[in-house]
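1. This is the structure alone, sequence omitted:
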């Protein structure tokens with residue numbers, strides 16, 4: 001199963017006096033670029049989330065955001081010491097403002113609740129409970145949804161890639177036929193060229209055979225077609241395999257593109273050149289899609 005590097009998931013939850021919302025998104029990237037925007041007052045949360053995301057994403061530019069706000073029901077159970085500490089900070093700000101001759105707008109209870117959560121956070125035991133609740137929610141909902149999104153898009157990529165590989169296979173078959181037709185007519189082309197030189201030019205039949213052999217060697221595309229067929233089979237196997245494969249597919253398609261270039265350079269035949277150009281076009285289309293594969 002192929003996984004795409006593009007995915008998105010968002011979930012919401014609540015517990016232990018808090019409401020939270022996770023958002024996890026990823027786009028294409030050369031490696032794994034993982035960025036977390038989460039509260040820094042829950043001990044162990046960042047390290048635990050990084051490990052969990054790495055378990056489901058091997059490549060891509062991944063951003064995980066977590067928003068935590070006090071639950072409305074928490075107001076009845078506020079720690080009086082935390083409230084007093086918040087009020088003392090407010091009084092200190094008011095004293096400084098009064099000293100500078102600045103007037104502050106009156107505060108409401110909701111303004112106090114909106115202060116930075118670490119000042120309202122409970123003790124270490126409650127923080128540990130919140131950590132476990134957040135990680136359990138991420139494990140049960142966020143990460144599976146994110147993984148499904150990437151694999152669903154990867155399934156669509158599989159269909160696109162296999163369709164393009166079928167086109168390449170058809171073009172290779174037609175190129176093989178064109179190469180055989182070109183070989184059959186090369187002798188006639190050389191003889192016609194000699195005839196145009198005039199009757200005064202004569203060429204020993206053995207020498208003509210040698211020249212034809214040299215031309216066939218220089219213009220023979222059998223090896224290129226064979227290597228292209230082998231690369232095509234390897235690409236199909238990679239697409240069918242599990243796990244990250246984008247880098248290997250991209251490297252393999254670079255080799256396919258080089259063989260197609262050589263085929264065009266050696267063709268010396270309009271029909272074969274046209275097929276080679278069509279082949280290069282489809283290869284470019286495949287390489288563009290492979291940039292989305294993990």
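-> Received it, and whenever you're ready, just let me know what you need. These numbers come from a predicted model, not from an experiment.
2. Give me the mean pLDDT for the helix or strand that residue 168 is a member of.
-> Applying DSSP states H and E as the criterion places residue 168 in helix 143-197. Averaging pLDDT along helix 143-197 yields 86.
3. For the one helix or strand residue 69 maps to, give me every contacting residue.
-> Using DSSP H and E, residue 69 falls within strand 60-70. Residues from elsewhere that reach strand 60-70, judged by C-beta atoms under 8 Å, 6 or more residues apart in numbering: 5-7, 17-29, 32-39, 42, 45, 49, 53, 113, 117, 120, 134, 294. For glycine as for every other residue, the C-beta is placed from the backbone atoms N, C-alpha and C.
4. Got a quick PyMOL command for the buried subset of those residues?
-> Applied in PyMOL, the following selects the buried portion of the contacts of strand 60-70 according to 16 or more other C-beta atoms under 10 Å:
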select buried, resi 5+6+7+17+18+19+20+22+23+24+25+26+32+34+36+38+39+42+45+49+53+113+120+134+294
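5. taking the contacts of strand 60-70 one by one, which sit in strands?
-> Members of the contacts of strand 60-70 lying in strands (criterion: DSSP state E): 7, 18-27, 32-37.
6. Which strands or helices does the helix or strand in which residue 132 is found pack on?
-> Assigned by DSSP H and E, residue 132 belongs to helix 124-137. Here helix 124-137 touches strand 7-15, strand 18-27, helix 45-56, going by 3 or more C-beta pairs under 8 Å, 6 or more residues apart in numbering; DSSP states H and E.
7. and residue 142, how many neighbours?
-> Neighbours of residue 142 under the rule other C-beta atoms under 10 Å: 26.
8. Distance check, it against residue 135.
-> Note on residue 142: its distance to residue 135, by C-beta to C-beta, to the nearest Å, is 10 Å.
9. Residue 146 too?
-> With distances taken as C-beta to C-beta, residue 146 is found 15 Å from residue 135.
10. which one of the two has more residues nearby?
-> Neighbours per residue (other C-beta under 10 Å) separate residue 146 from residue 135, with residue 146 holding more: 26 against 17.
11. low-scoring pLDDT stretches of this structure, where are they?
-> 72-82, 110, 112-123, 184-205, 207-209, 211-219 (pLDDT under 70).
12. Any chance of the helices and strands packed on helix 124-137 in a markdown table with distance to residue 228 as columns?
-> Output for the helices and strands packed on helix 124-137, formatted as a markdown table (distance: least, C-beta to C-beta, whole Å):
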| stretch | distance to residue 228 |
| --- | --- |
| strand 7-15 | 33 |
| strand 18-27 | 32 |
| helix 45-56 | 35 |
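13. Would you check how far apart the closest residue to residue 261 other than its chain neighbours and residue 24 are?
-> Among residues not flanking residue 261 along the chain, residue 280 sits closest, at 7.2 Å (C-beta to C-beta, 6 or more residues apart in numbering). As judged by C-beta to C-beta, residue 280 and residue 24 stand 38 Å apart.
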